[in-house]
Structure formats: C-alpha cells, structure tokens
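# coordinates only, sequence not included:
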C-alpha cells in the first residue's frame, strides 16, 4: 500500500495531480479541497494517499491531510459509496462541514452533492453518525457518553414501538436541540416521525 508521496508537483488540475517522486511520476486523483490546498505549492509537496486495486486499474487517491484521507476511507466502507463518489463528497464539503451535515441530518445539503441521491444521503447519515465526531477531530464538539447513551436508549425505544431502525436513527439525527432526558428525547423524535 502506498500511504504517502513526497515530491515535486509536475502538473495539477482540480481532479488530478502528477507528482514527481525521485524521477517517477505518480498520477493521483484528488478532491477540490486537496486541489485548493496544493495548487499554490511551488516546492516539495506531501500527499497522503490511498491505493484502490481493481481488475482493470490501480487508482491512487491523494489528500492534503491524514484527516481527509481517513474520512475518504470511512466513506468507501458505506454501502453504495465507491471511491469516485467519496471523492465527489470531499470535493463538495470539507471534513467539518460534512460532519455537521451528518450530525444535523441535513439530507438537502448531501443530496446537492454530485451523485448523492436521497437514499444514499439517508444511508450516510445513519452509518456515519457515530463516526464523524472522531473523524472531524477538534473541529467538532465532543458528544459526551451520557448523551450518546440516552440517544441509543431512545433509538431502542422507538424500535420497540414498531419503527424501523433506519427511521428511528434518522428521526433522532434530525433533532436540532435534542433533549437531555430519555422521555423528552423520545417525544421529540416521535413528533418528527409523525410529520414524516
């Protein structure tokens, strides 16, 4: 696995860069955020990479920071999200904005990204909700363990009332100001579910 490249940027465009490492030119697929971070570098650049091996190609994806690469790696584990879609998501939102969309249950912003439909956006919100706080690092506020436990208990209670796990998780993710006690949180989620 190629994890990092350090060398001179020979060519760069919003989708791809060619980086010269010891006389060998590596073609690397990049996001718009990485392009913005690397476009003005005149000397040596460091690109954090992820290698995808397929039957017909070996693709190298590059990122300006380890955090962006980690978010990419987490995205491609989501069912229905491939490397190209993950790169499109990272081109449309930086890590902190993406984390905020997931935590706020912002389907509208996510569906505005290229290739992301409503079902994919909802799947991202459900599957990434627990992961984004660690991925976004210090940029996102930490969710304390008590709040997380209450949310889990509320989700279990909603499932017990006959709602599907995805519906329960989505309803809880849509709450702008979640209550701190279990009963109030369940009532808030039920109001969201009734409107849907």
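Looks like it came in fine. Because the structure is a prediction, the values reported are computed rather than measured.
# so what's residue 76 up against?
Residue 76 is in contact with 82-83, 86, counting by Cβ atoms under 8 Å, 6 or more residues apart in numbering. In short, each C-beta sits where N, CA and C put it, glycine included.
# one more time with 6 Å, if that's ok
Residues in contact with residue 76, defined by Cβ atoms under 6 Å, 6 or more residues apart in numbering, are 83, 86.
# again, but for the one 5 residues further on
Applying Cβ under 6 Å, 6+ apart, one finds that residue 81 lies in contact with residue 75.
# got the buried residues for the helix or strand hosting residue 97?
Applying DSSP states H and E as the criterion places residue 97 in helix 95-104. Buried residues in helix 95-104, counted by 16 or more other Cβ atoms under 10 Å: 95-96, 98-103.
# got JSON lines for the residues you listed, with pLDDT and distance to residue 67 too?
JSON lines is the format used below for these (pLDDT from 0 to 100; distance: Cβ to Cβ, whole Å):
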{"residue": "95", "pLDDT": "78", "distance to residue 67": "6"}
{"residue": "96", "pLDDT": "77", "distance to residue 67": "9"}
{"residue": "98", "pLDDT": "84", "distance to residue 67": "11"}
{"residue": "99", "pLDDT": "83", "distance to residue 67": "10"}
{"residue": "100", "pLDDT": "82", "distance to residue 67": "15"}
{"residue": "101", "pLDDT": "84", "distance to residue 67": "16"}
{"residue": "102", "pLDDT": "87", "distance to residue 67": "15"}
{"residue": "103", "pLDDT": "84", "distance to residue 67": "16"}
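# closest one to residue 63 out of these, please.
Closest approach to residue 63 among the buried residues of helix 95-104 (Cβ to Cβ): residue 95, at 10.1 Å.
# now do the domain split for the protein, please.
Domain assignment for the chain, taken from automatic domain parsing, gives 4-63, 66-139, 145-195.
# do a quick rundown of the strands in this structure.
4-12, 16-21, 24-30, 44-53, 58-63 (DSSP state E).
# so which of the ones you listed is the most packed in?
Mean neighbour count (mean count of other Cβ atoms under 10 Å) peaks for strand 58-63 among those, with a mean of 20.
# could you check the angle strand 4-12 makes with that one?
90 degrees (axes from the mean of the first three to the mean of the last three Cα atoms, to 10 degrees).
# list the strands paired with strand 58-63, with their directions.
Strand 58-63 pairs in its sheet with strand 24-30 (parallel), strand 44-53 (antiparallel), by DSSP bridges.
# same list (the strands of the chain) but as a markdown table, adding mean pLDDT and distance to residue 170.
As requested, the strands of the chain are exported to a markdown table (pLDDT from 0 to 100; distance: least, Cβ to Cβ, whole Å):
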| stretch | mean pLDDT | distance to residue 170 |
| --- | --- | --- |
| strand 4-12 | 92 | 37 |
| strand 16-21 | 93 | 36 |
| strand 24-30 | 93 | 31 |
| strand 44-53 | 92 | 29 |
| strand 58-63 | 92 | 29 |
